[in-house]
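Novice: the sequence and its predicted three-dimensional model are supplied below.
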Amino acid sequence: MTRMPTVYHISDLHFGRERPPLVRALIEEINACAPELVAISGDLTQSARRREFAATRDFLAELAPPVLVVPGNHDVPDWDLIRRLLRPWKRYGRYITEDLYPSYSSRTLAVLGLNSARRWSPHTDWSRGRLSAHQMVEVERFFAGAEPSATRVVVVHHPFIVHELALGRGVIGRKEMALECFGHSRVDLMLSGHLHIHHSETMAARSGERTLVAAQAGTTLSDRLKAGYANSFNVIELDQDRIRIRVRRWSEAGGFQDCEQLDYRRAIAGWEPEVA
Ligand SMILES: [Fe+2]
Ligand SMILES: [Fe+2]
């Protein structure tokens with residue numbers, strides 16, 4: 001049987017608050033399963049400290065497959081306003097990557113990462129994120145050059161879904177603009193984090209009918225757990241017609257184990273949940 005292309009979607013590692021047994025278990029699983037790509041949807045560190053970025057860098061160096069990573073709001077220093085405003089991405093650039101439009105392209109996958117964390121916000125809550133019109137130009141340019149056979153994926157820290165436990169908090173700014181653009185660029189799947197809640201659903205731009213799949217990963221490695229949610233990540237198996245999301249959840253007795261599976265099938269107007 002041919003193996004479907006697989007993406008490991010991990011998120012909200014929060015090095016500085018990481019749980020060491022989970023770090024080791026995750027590295028071993030990823031290297032044993034050898035997915036085509038590991039996508040990391042931000043909040044690599046707890047407080048953008050040097051030692052936390054160094055620990056993240058060491059973790060990434062142990063992963064054998066290609067890795068695509070975007071920053072989260074915790075990767076901007078919040079303990080030094082001057083540094084935050086003038087050099088928000090300096091440490092991220094030094095330890096992780098200077099590329100704030102990371103991409104991965106193959107015959108089966110076209111993946112683009114976008115930075116939704118911001119150095120400042122007009123809101124009192126600076127953990128909020130947003131996308132910009134300039135970033136949408138890059139989205140259109142990247143996917144215009146993608147292989148026709150590739151499944152199209154965007155990775156971004158802040159969520160597109162509104163979750164009841166988060167009370168709408170954290171939803172990405174300029175969401176409708178982004179969904180409109182993703183619809184035009186025939187994006188299939190969006191991978192996000194931030195809420196520390198695993199969840200997935202289909203959604204569409206307000207003016208469009210084409211639906212895409214929005215997948216949230218929980219916090220994969222940190223002790224910053226949302227009540228009722230354990231550490232988790234998503235294993236995503238996909239081809240042109242199917243997307244399967246397997247949620248792997250940590251249990252103290254058994255390590256990371258499958259806890260949920262969601263299947264989506266491509267239809268004329270985009271993606272639909274597959275009813276068993
Ligand atoms: Fe987080
Ligand atoms: Fe976050």
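Specialist: Happy to help now that I have it. Computed from a predicted model, the values in this text were never measured in an experiment. Numbering: from 1, shown residues only. Ligands and ions are numbered 1, 2, ... in the order given.

Novice: count the residues that sit near the residue of the stretch 101-250 of the chain found nearest ligand 2.
Specialist: Closest residue of the stretch 101-250 of the chain to ligand 2, CB to the ion: residue 194 (3.8 Å). C-beta coordinates here come from the backbone N, C-alpha and C atoms, glycine included. Other residues lying near residue 194 total 30 when counted by other CB atoms under 10 Å.

Novice: and the one 10 residues further on, by the same measure?
Specialist: Burial of residue 204, expressed as a neighbour count using other CB under 10 Å, amounts to 17.

Novice: please name the nearest non-neighbouring residue to it.
Specialist: In space, and not counting its chain neighbours, residue 204 is closest to residue 211: 4.5 Å by CB to CB, 6 or more residues apart in numbering.

Novice: cool, and residue 12?
Specialist: residue 219 (3.9 Å).

Novice: what about the one you found, which SS state?
Specialist: Three-state call for residue 219 (DSSP: H, G, I helix; E, B strand; the rest coil): coil.

Novice: ok, now residue 203?
Specialist: strand.

Novice: again, but for residue 57
Specialist: Residue 57 - assigned by three-state DSSP - is helix.

Novice: pretty sure residue 65 sits in a strand.
Specialist: No - Residue 65 is assigned coil when assessed by three-state DSSP, not a strand.

Novice: isn't it right up against residue 30?
Specialist: Yes - here residue 65 reaches residue 30: they are 6.6 Å apart, a contact under CB atoms under 8 Å.

Novice: beta partners of the spatially most central residue of the chain?
Specialist: Central residue of the chain (CA atoms, centre = their mean): residue 41, 2.8 Å from the mean position. Listed by DSSP bridges, the beta-bridge partners for residue 41 are residue 70.

Novice: contact residues of this structure facing ligand 1?
Specialist: 12, 43 (CB under 5 Å from the ion).

Novice: picking that back up, tell me the pLDDT at the residue nearest to the centre of the chain?
Specialist: With respect to pLDDT, residue 41 scores 98.

Novice: residue 167 now?
Specialist: Value listed for residue 167 in the pLDDT field: 65.

Novice: give me the nearest residue to residue 7, chain neighbours excluded.
Specialist: Using CB to CB, 6+ apart, the nearest residue to residue 7 is residue 236, at 4.5 Å.

Novice: does the one you found touch residue 190 like I think?
Specialist: No - Residue 236 is beyond contact range of residue 190, at 11.5 Å (criterion: CB under 8 Å).

Novice: between these two, which contacts overlap?
Specialist: Counting by CB atoms under 8 Å, 6 or more residues apart in numbering, the shared contacts of residue 236 and residue 190 are residue 215.

Novice: any idea what the residue nearest to residue 7 is bridged to?
Specialist: Here residue 236, judged by DSSP bridges, has bridge partners residue 7, residue 245.

Novice: so who does residue 131 touch?
Specialist: 114, 116, 156, 172-174, 177-178.

Novice: residue 269: which of the residues you listed is nearest?
Specialist: Comparing the contacts of residue 131 against residue 269 with CB to CB picks out residue 178 as the nearest, at 19.1 Å.

Novice: now the one helix or strand that closest one maps to: mean pLDDT?
Specialist: Element membership for residue 178 (DSSP states H and E) is helix 175-184. Regarding helix 175-184, the rounded mean pLDDT is 94.

Novice: beta partners of the residue nearest to residue 204?
Specialist: Those that pair with residue 211 in a beta bridge, by DSSP bridges, are residue 204, residue 270.

Novice: what about the nearest residue to residue 193 once chain neighbours are set aside, neighbour count?
Specialist: Nearest non-adjacent residue to residue 193, counting by CB to CB, 6+ apart: residue 11, 3.1 Å away. Neighbours of residue 11 under the rule other CB under 10 Å: 33.

Novice: same check, this time on residue 239
Specialist: Residues near residue 239, counting by other CB under 10 Å: 14.

Novice: residue 231 now?
Specialist: Residue 231: 25 neighbours (other CB under 10 Å).

Novice: cool, and the one 4 residues further on?
Specialist: The number of residues packed around residue 235, counting by other CB under 10 Å, is 21.
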